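Got a predicted structure plus its sequence, pasted below:
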2 protein chains.
Amino acid sequence: MGELALIERIRELIGGPGPGTRIGIGDDGAVLEPSKGLTIFTCDAFVEGVHFRRDFASMRDVGFKCMVANVSDVAAMGGFPTQTVVSVCVGPETSEADVLELYDGMLIAARRYGAEIVGGDVVSSRSEFVVSVAMLGVVDPERVVTRRGAVPGDALVVTGALGGSEAGLQALRAGLAIEGRVKTAVRRHLAPTPRIAEAQALLDVATPHAMIDVSDGLSTDLRHMADESGVGIVLRAEAVPVSDAAREVAAEIGLDAVEVALASGEEFELVVARPASEVERSAEHVSAVTGTSLTPIGEVVEAGAGVLLVRKDGATEPLGRTGYEHRIGREM
Amino acid sequence: MGELALIERIRELIGGPGPGTRIGIGDDGAVLEPSKGLTIFTCDAFVEGVHFRRDFASMRDVGFKCMVANVSDVAAMGGFPTQTVVSVCVGPETSEADVLELYDGMLIAARRYGAEIVGGDVVSSRSEFVVSVAMLGVVDPERVVTRRGAVPGDALVVTGALGGSEAGLQALRAGLAIEGRVKTAVRRHLAPTPRIAEAQALLDVATPHAMIDVSDGLSTDLRHMADESGVGIVLRAEAVPVSDAAREVAAEIGLDAVEVALASGEEFELVVARPASEVERSAEHVSAVTGTSLTPIGEVVEAGAGVLLVRKDGATEPLGRTGYEHRIGREM
């Protein structure tokens, strides 16, 4: 099957243009109606052997996750996904059925979170599978949140619980039986949930000073927020919410659960910096609207204090870059 | 140098947010001001060994060309580029200097054609170099042109002259000395010119019924237009404008210049379907405004007639899919 026939099948899967899209897939470019707010524009590439392994993840999982990574970025800016374009580079070991299954996974995520696939291309590569997704979103000008507004005195809070994604990957690598909480961790790794609703609930209380999604690992993402805001950060290790699945898998493999939670990338939980006075109200509202917990994990401090991890016994250390960056250039 | 440090260097190269961009590179997503018209959204991936060879093209060439491919798509819809995001997957043989040179090439093209780089990521892959560019553009609602509106009786016209890109590639493969017209062809292959100004001049005369850029090769792209418009097409082989550089290189290598011109991808010339009565006026206006020639190459006919190539002697044959599609899965 040539590129043209495959693209025809993909067009059938995707269907006609949705609301907000005047011209969808199949032309030199899509044409979109004017946005009702500001536009968010983001992209993420997923590379076989770096972001996924085909013996761990189905093509449907890969498609779902690369779309969700972009949805999470839109969520972290305070917006809603609208349209997306996808470039897929397939290697010689990738069948037409694989590409269609990949699109199936992307479509599940895109439809669940309100994004329409409006364009893309499929090209061949010699070896690796690379999926690049670019996504547009819409955001109310009053509700844009960046990484840059954290100020000393702010509390840091995080949605949900961390560690499951990394624990799931470690479980797959260790060949653990995929059942019980191991299965929960593996699903968290393969099919994480972006926090669109939680971001909106956080915004309903008041626009946070800063917000970021946990995509590189909490340690690294807090460094991003500190760097962009020009502040220091104190993270309390014992306050970091670790998921039960992460705790159980970590214990089984012999890893420290808190370290796993600090390093775990692609969690897609949200970290928010906001005045301490708004934390309790935020936790109540987010929980009431979404069922998701909100946990205080530390404070924003002056830049001179650095970016610190405080252990249970009071010992402090520079917050390590233990997250996803270290995986770059390494095989999974 | 880690990902974060490299991205910091890239941010310095790119500079602060331009007009229309509220928040540029460095956050979970860019935030853009409302567009003054409809929004165009397109993407293209460039893969080492498929779209470029590092022994033929510098990283600056690769960056320039992958950006230009997207600019050309925006031109072919009737619009102007505004913002772009870039995913780069680098292999172990790619240095930091290579990535910065790639960005340099992308920035040359982006700035030349009015697009701002507002986001991106850099990830490592095991072997190949892949660059994925997604681009936004703006288009006046009255000036949107698709591939779909060609009607029987329309004349087909093309900007400029074809064949140089394929001839340049063949010259590189044959190891010809890069001088004179060979050099012209090679530059056409490595650094083609998108036709933003020509598209606008064509629109000034009247909105064309259909327009497409020559990215897959004239034969394939005319098939796209015919398929999308639900029409037939008659292309007159002897009318196809072949560049002097393509003629000379083809002669030197022993290829048929017209075949080279029909198959040559990434030319980024524009093919337009419009009433025959508008052709002369179009040619005069496009030439006056841009200096680019406009050449009638055929006619739109009823779908039942098929998509035909008419040779000089009157012999007809189905217009072959001789273009870029055939390169898919093949090494360059």
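Looks like it arrived, so ask away.

Low-confidence regions, chain A specifically.
A:1-3, A:321-332 (pLDDT under 70).

Closest to the centroid, which residue in it?
Centroid-nearest residue in chain A, with Cα atoms, centre = their mean: A:Phe268, separated by 3.5 Å.

residues near the closest residue in space to it that isn't next to it in sequence, how many?
In space, and not counting its chain neighbours, A:Phe268 is closest to A:Ser72: 4.1 Å by Cβ to Cβ, 6 or more residues apart in numbering or on different chains. C-beta: built from backbone N, CA, C; applies to glycine. With neighbours defined by other Cβ atoms under 10 Å in any protein chain shown, the count for A:Ser72 comes to 29.

got the residue ranges for the strands in the stretch 201-332 of chain A?
Here the stretch 201-332 of chain A has its strands, by DSSP state E, counting those that start in this stretch, at A:210-213, A:232-236, A:270-275, A:294-301, A:307-310, A:316-318.

dump the residue contacts of A:Ile40.
Listed by Cβ atoms under 8 Å, 6 or more residues apart in numbering or on different chains, the contact set of A:Ile40 reads A:73-74, A:77, A:79, A:135-139, B:29-32.

Can you give the strand pairings for the helix or strand harbouring A:Ala134, parallel or anti for each?
If you go by DSSP states H and E, A:Ala134 is part of strand A:130-139. Looking at strand A:130-139 with DSSP bridges, its partner strands are strand A:38-47 (antiparallel), strand A:80-90 (antiparallel).

coming back round to it: the residue nearest to the centre of chain A: what's it in contact with?
The contact partners of A:Phe268, by Cβ under 8 Å, 6+ apart, come to A:Val68, A:Ala69, A:Ser72, A:Ala75, A:Pro192, A:Thr193, A:Pro194, A:Arg195, A:Asp213, A:Val214, A:Ser215.

Which phi and psi values does it adopt?
Main-chain torsions, A:Phe268, degrees, to the nearest 10: phi 60, psi 20.

any idea how far chain B is from A:Gly49?
Plainly put, A:Gly49 is 5 Å away from chain B if you go by Cβ to the nearest Cβ, to the nearest Å.

since we're on that residue, how many residues are nearby?
17.

Repeat that for the one 10 residues further on.
By other Cβ under 10 Å, the residues close to A:Met59 number 23.

is it true that it touches A:Glu93?
No - between A:Met59 and A:Glu93 there is no contact under Cβ atoms under 8 Å: 11.7 Å.

domain ranges for chain A?
Structural domains annotated on chain A: A:3-142, A:154-325, as defined by automatic domain parsing.

Now A:Thr193. Nearest residue, chain neighbours left out?
Nearest one to A:Thr193, counting by Cβ to Cβ, 6+ apart, is A:Phe268 at 6.6 Å.

separation between that neighbour and A:Gly91?
Using Cβ to Cβ, to the nearest Å, one obtains 27 Å as the distance from A:Phe268 to A:Gly91.

what sits opposite A:Glu48 in the beta ladder?
Counting by DSSP bridges, the residues bridging with A:Glu48 are A:Phe52.

is it true that it touches A:Ser125?
No - using Cβ under 8 Å, A:Glu48 is not in contact with A:Ser125; the gap is 9.8 Å.

joint contacts of the two?
Going by Cβ under 8 Å, 6+ apart, residues that sit against A:Glu48 and also against A:Ser125 are A:Gly91.

Who has more neighbours out of these two?
Taking neighbours as other Cβ under 10 Å, A:Glu48 and A:Ser125 compare with A:Ser125 leading, 27 against 24.
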